[in-house]
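Engineer: Next input, structure requested:
(3 chains)
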Amino acid sequence: MPELPEVEVVRRGLDQWVTGRTVASVEVHHPRAIRRHLEGADSFVQALTGRTFVAAHRRGKYLWLPVAEPDGRSTGRALVAHLGMSGQLLVEKASSPDETHLRARFTFTDGGRELRFVDQRTFGGLAVEDLGDGDSVPPRLAHIAIDPLDEAFDVDAFSAALRRRRTEVKRALLDQTLIGGVGNIYADEALWRARLHGARPTEKLARAQVADLLEGIRDVLGEALAQGGTSFDSLYVDVNGQSGYFSRFLAVYGQQDRPCPRCGTPIRRESFMNRSSYSCPACQPRPRASSARKRPA
DNA sequence: GAAAACACCTGAGGGC
DNA sequence: TGCCCTCAGGTGTTTT
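Structural biologist: Here you go, the predicted model:
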């Protein structure tokens, strides 16, 4: 499942393989893949055909590729992409057989490798959107918080915002308006590193605990990025179809009943927001009922 | 306004 | 072999 490190790996691949190339043709194979492009498939195709991708940017788990006119003038628009749970942006030879879940294809005027959007579960999608003032972040992505690997990330503001919340700490980590790019896998890993249970109430976290948590987030994201991201199956790959290696280093996620790398206690799995949370019962004790957040009936 | 719940979606895997 | 159910989970919308 693509989270920040995986999306950043894809962004780097796009920057290497796609930036500077001019689109010759666009094919949309599944309408749901461009459901966020409200003007429809014809508009999507027209907005990109003959235009040149000039960069590859990322905020949180979103990617966007600004496009320019043939004479180099900015169109003020960008191809915005989100990989969802199973999306892949692949750079492949035209002779490569189509993937089963191929949703869109871009060919280029240089006749080189084409760009394909493949998505099994169709949670991801593509759209052409206006850029913000000064060709900055597309307005639809403006609510996504800067991620903790960004130099502009404001530690004090994050700490204050986290402690202002009235929710559980894991819910807060998954809130992309608070901190960008963290998903279920890295939230569990960061909480384990900070020795915090995900149900701990945010407003009762000590300043030092927030600092430990942020350090855990930064460390785990940075290490995952260095390993090329996490891969549990074939659903996450870079633009060349290669899987990451970070899954070999996961301490708790998907490790139910295996020993905690720190203390040896079997890792537990708990249901959380219709998905799974993994933690160490010894290193990350559940908060006492008196200090846990009261949940609505 | 904030927080929580829910819908969306497909394929793998397990049980029968 | 085939059917049914559960599970995976990020995001936008709806509900509380």
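Engineer: For A:T100, see how far away the closest residue to DNA strand C within the stretch 51-200 of chain A is.
Structural biologist: Residue nearest to DNA strand C within the stretch 51-200 of chain A (CB to the nearest atom of the strand): A:G183, separated by 3.0 Å. Bear in mind the C-beta positions are built from the backbone N, C-alpha and C, glycine included. For A:G183, the distance to A:T100 (CB to CB, to the nearest Å) stands at 25 Å.
Engineer: Could you do A:E203 as well?
Structural biologist: Taking CB to CB, one finds A:E203 at 47 Å from A:T100.
Engineer: likewise A:E215?
Structural biologist: 41 Å.
Engineer: Next: A:L221.
Structural biologist: 31 Å.
Engineer: Just want to know which of these two has more residues nearby.
Structural biologist: A direct count of neighbours by other CB atoms under 10 Å for A:L221 and A:T100 places A:L221 higher, at 23 against 7.
Engineer: If I look at the more buried one, what pLDDT would I see?
Structural biologist: You'll see A:L221 listed with a pLDDT of 90.
Engineer: What parts of the stretch 151-297 of chain A come near DNA strand C?
Structural biologist: Within the stretch 151-297 of chain A, the residues that sit near DNA strand C (CB under 7 Å from any atom of the strand) are A:174, A:176, A:183-185, A:253, A:269, A:274-276, A:296.
Engineer: ok, longest strand in chain A?
Structural biologist: strand A:74-82 (DSSP state E).
Engineer: List the pairing partners of it within its sheet, with orientation.
Structural biologist: With DSSP bridges as the test, strand A:74-82 is paired with strand A:62-68 (antiparallel), strand A:125-130 (antiparallel).
Engineer: Convert that strand to CSV, retaining C-alpha atoms only.
Structural biologist: Provided in CSV are the C-alpha atoms of strand A:74-82 (Å, rounded to 0.1, in the frame of the first residue of the first chain):
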residue,chain,number,x,y,z
SER,A,74,2.9,27.0,-18.5
THR,A,75,-0.7,25.8,-19.0
GLY,A,76,-1.3,26.6,-15.3
ARG,A,77,-2.5,23.0,-15.0
ALA,A,78,-1.1,19.7,-13.9
LEU,A,79,-1.8,16.0,-14.0
VAL,A,80,-2.7,15.0,-10.5
ALA,A,81,-2.3,11.4,-9.4
HIS,A,82,-3.2,9.4,-6.3
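Engineer: No further questions, thank you.
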